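*Asks:* dropping the sequence and predicted coords here.
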Number of protein chains: 2
Amino acid sequence: MADVEVHPDQGAVVELLGVLAYAELTAFDRLAEDARLAPTLDGRAALARMAAAEIAHHERLAARLRELGVDVIAAMTPFVAALDAFHDGTHASTWLEGLVKAYVGDGLAADFHREIAVFLPPPDRALVEEVLADSGHADFAVREVRAAIAADPTLAGRLSLWARRLVGEALTQSQAVLVEHDQLADLIITGTGDLAGVGALLQRITRAHTARMAALGLNP
Amino acid sequence: MADVEVHPDQGAVVELLGVLAYAELTAFDRLAEDARLAPTLDGRAALARMAAAEIAHHERLAARLRELGVDVIAAMTPFVAALDAFHDGTHASTWLEGLVKAYVGDGLAADFHREIAVFLPPPDRALVEEVLADSGHADFAVREVRAAIAADPTLAGRLSLWARRLVGEALTQSQAVLVEHDQLADLIITGTGDLAGVGALLQRITRAHTARMAALGLNP
């Protein structure tokens, strides 16, 4: 996406791997918890499988951090407060809210991390892209949410509001993270070139988010 | 263990695979929940990894049921009440209780299922033995529990009582399952030969349980 040559120091790499490693761990928790909201054993197993995939990703990131000689816990700790705050502020209370969060929330986070990964050295970039690749989970969420809205169209309004709350909370917490993590913020600004570059990045993320909302049958 | 040639009909095979598939799904739930009791991020990730392993096992069993032309949900449903009752009756309220449950409870269940699997046709027997093989989780639980008891020896008494409650609840629920599932009960009686054979089976399971309690530093 950017043609700029960036050589981030290891600090930024470790910060990105650290935030992702903790993000995968919390994603596991939340998917495992939301699995219990499933109306069927099928749905419960599907969400449990997604949760298991997140832990596999966490493992890959932790292994890379260890390879870089970094303590995994120390790398994750600075991001615990912001990510826990995000999940506490967006606790799904129904099965459908959980699915929308899994699809819209994780999609947004993945896009954002993928944009930053472009500025990383090749091995780390490849690793981040690999753990962020969707593993067919999206299809499941889209199918379930669309079917539910088809059966009860009034759901669309409520779930659209819920998705907007997710985005708001995600923005709040991302900002908090960037304010406290200079190296990560520097990486984005240097990588995109300037503020116009940051604007273009945000536009790409917004477009992808709008497409996901449409896929679910929701209004962005 | 038994020299008797048994040819269980498919009913018993499906019942065993069904109960195991649901057991793995509930084990996932419980480990994922207990992971949140972890005092450290390390412990939390360790329990989350165990949970992910259970889902991989669930997947293997579900795939085999589908191969046999059996609906996975239908095969699991008869066991939902008993297994949910077991977990509801033995809700861990501390990190150490969760670890004892993971090690002692899962060990007991694995031994029992392994004994029955001996009477299954080779492909199913191999599959059951594979999903029941310990994947290094036991070491983690033993290490943590022993370290905690070393630091505070009064814990040993309380955790021993807890383990006994787990065993009592497990026996109650296994009996309930066998009363309602003739084919599984028949398989055990035919497989072991007679009531003396059943007695020997229970003795083997008890011995292994006693060894696990000793490994944790608990009184059986």
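*Replies:* Yes, it's here.

*Asks:* residues from chain A in reach of chain B?
*Replies:* With the criterion set to CB under 8 Å from any CB of the partner chain, chain A comes near chain B through A:22, A:25, A:28-29, A:32-33, A:35-36, A:40-42, A:44-45, A:48-49, A:51-52, A:55-56, A:58-59, A:62, A:73, A:76-77, A:80. Every residue, glycine included, has its C-beta placed from N, CA and C.

*Asks:* just the buried subset of those, please.
*Replies:* A:22, A:25, A:28-29, A:32-33, A:35, A:41, A:44-45, A:48-49, A:51-52, A:55, A:58-59, A:62, A:73, A:76 (16 or more other CB atoms under 10 Å in any protein chain shown).

*Asks:* now the helix or strand where residue A:174 lies, how far from the centre of its chain.
*Replies:* When secondary structure is defined using DSSP states H and E, the element that contains residue A:174 is helix A:155-180. Here helix A:155-180 is found 12 Å from its chain centre; the criterion is CA atoms, centre = their mean, to the nearest Å.

*Asks:* show the average pLDDT along that helix.
*Replies:* Predicted confidence along helix A:155-180 averages 89 (mean pLDDT).

*Asks:* mind listing the helices for chain A?
*Replies:* Counting by DSSP state H, the segments of chain A that form helices are A:10-35, A:41-67, A:72-76, A:80-89, A:95-100, A:106-117, A:122-132, A:137-151, A:155-180, A:182-192, A:195-216.

*Asks:* and the angle from the longest one to helix A:10-35?
*Replies:* Right, the one you point to is helix A:41-67. Our comparison of helix A:41-67 with helix A:10-35, counting by axes from the mean of the first three to the mean of the last three CA atoms, to 10 degrees, yields an angle of 160 degrees.

*Asks:* which of the helices of chain A sits closest to residue B:188?
*Replies:* Closest of the helices of chain A to residue B:188 is helix A:41-67, at 25.9 Å (criterion: CB to CB).

*Asks:* what helices or strands is the closest one leaning on?
*Replies:* For helix A:41-67, the packing partners by 3 or more CB pairs under 8 Å, 6 or more residues apart in numbering or on different chains; DSSP states H and E come out as helix A:10-35, helix A:72-76, helix A:122-132, helix A:137-151, helix B:10-35, helix B:41-67, helix B:72-76.

*Asks:* show me what contacts the residue nearest to residue A:31 when sequence neighbours are not counted?
*Replies:* Distances taken as CB to CB, 6 or more residues apart in numbering or on different chains put residue A:51 closest to residue A:31, at 3.8 Å, once the chain neighbours are dropped. With contacts defined as CB atoms under 8 Å, 6 or more residues apart in numbering or on different chains, the neighbours of residue A:51 are A:27, A:28, A:31, A:32, A:35, B:28, B:32, B:51, B:52, B:55.

*Asks:* do residue A:55 as well
*Replies:* Going by CB under 8 Å, 6+ apart, residue A:55 touches A:24, A:25, A:28, B:45, B:48, B:49, B:51, B:52.

*Asks:* the last one contacts residue A:56, correct?
*Replies:* Yes: the pair residue B:52 / residue A:56 is scored as a contact, 6.7 Å apart, by CB atoms under 8 Å.

*Asks:* which residue packs closest to the residue nearest the centre of chain A, ignoring adjacent ones?
*Replies:* For chain A, the residue nearest the mean C-alpha position is residue A:109 (2.6 Å; CA atoms, centre = their mean). The shortest distance from residue A:109 to any residue that is not its chain neighbour, by CB to CB, 6+ apart, is 6.4 Å, and that residue is residue A:23.

*Asks:* is it true that residue A:86 touches residue A:167?
*Replies:* No: using CB under 8 Å as the test, residue A:86 is too far from residue A:167 to be in contact (11.2 Å).

*Asks:* mind listing what's buried along stretch A:63-81?
*Replies:* A:64, A:65, A:70, A:72, A:73, A:75, A:76, A:79.

*Asks:* looking at these, which is nearest chain B?
*Replies:* residue A:73 (5.0 Å; CB to the nearest CB).

*Asks:* for chain B, what is the nearest residue in chain A?
*Replies:* Relative to chain B, the nearest point of chain A is residue A:32 (3.4 Å; CB to the nearest CB).

*Asks:* give me the pLDDT for that residue.
*Replies:* According to the prediction, residue A:32 has pLDDT 92.

*Asks:* thinking it is in contact with residue A:49, fair?
*Replies:* No: with contact defined as CB under 8 Å, residue A:32 does not reach residue A:49; the gap is 10.8 Å.

*Asks:* convert stretch A:197-214 to CSV, retaining C-alpha atoms only.
*Replies:* Backbone C-alpha positions of stretch A:197-214 (Å, rounded to 0.1, in the frame of the first residue of the first chain) are rendered in CSV as follows:
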residue,chain,number,x,y,z
GLY,A,197,-1.4,9.1,4.2
VAL,A,198,-3.0,8.5,7.6
GLY,A,199,-6.2,9.8,6.1
ALA,A,200,-6.0,7.4,3.2
LEU,A,201,-5.4,4.6,5.6
LEU,A,202,-8.5,5.5,7.6
GLN,A,203,-10.5,5.7,4.4
ARG,A,204,-9.5,2.2,3.4
ILE,A,205,-10.4,0.8,6.8
THR,A,206,-13.8,2.6,6.7
ARG,A,207,-14.6,1.3,3.2
ALA,A,208,-13.9,-2.3,4.3
HIS,A,209,-16.0,-1.8,7.4
THR,A,210,-18.9,-0.5,5.3
ALA,A,211,-18.7,-3.6,3.1
ARG,A,212,-18.8,-5.8,6.1
MET,A,213,-21.9,-4.1,7.5
ALA,A,214,-23.6,-4.5,4.1
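
*Asks:* how many residues are close by the closest residue to residue A:169 other than its chain neighbours?
*Replies:* Excluding the flanking residues, the one nearest residue A:169 by CB to CB, 6+ apart is residue A:89, at 4.7 Å. Per other CB atoms under 10 Å in any protein chain shown, the neighbour tally for residue A:89 reads 14.
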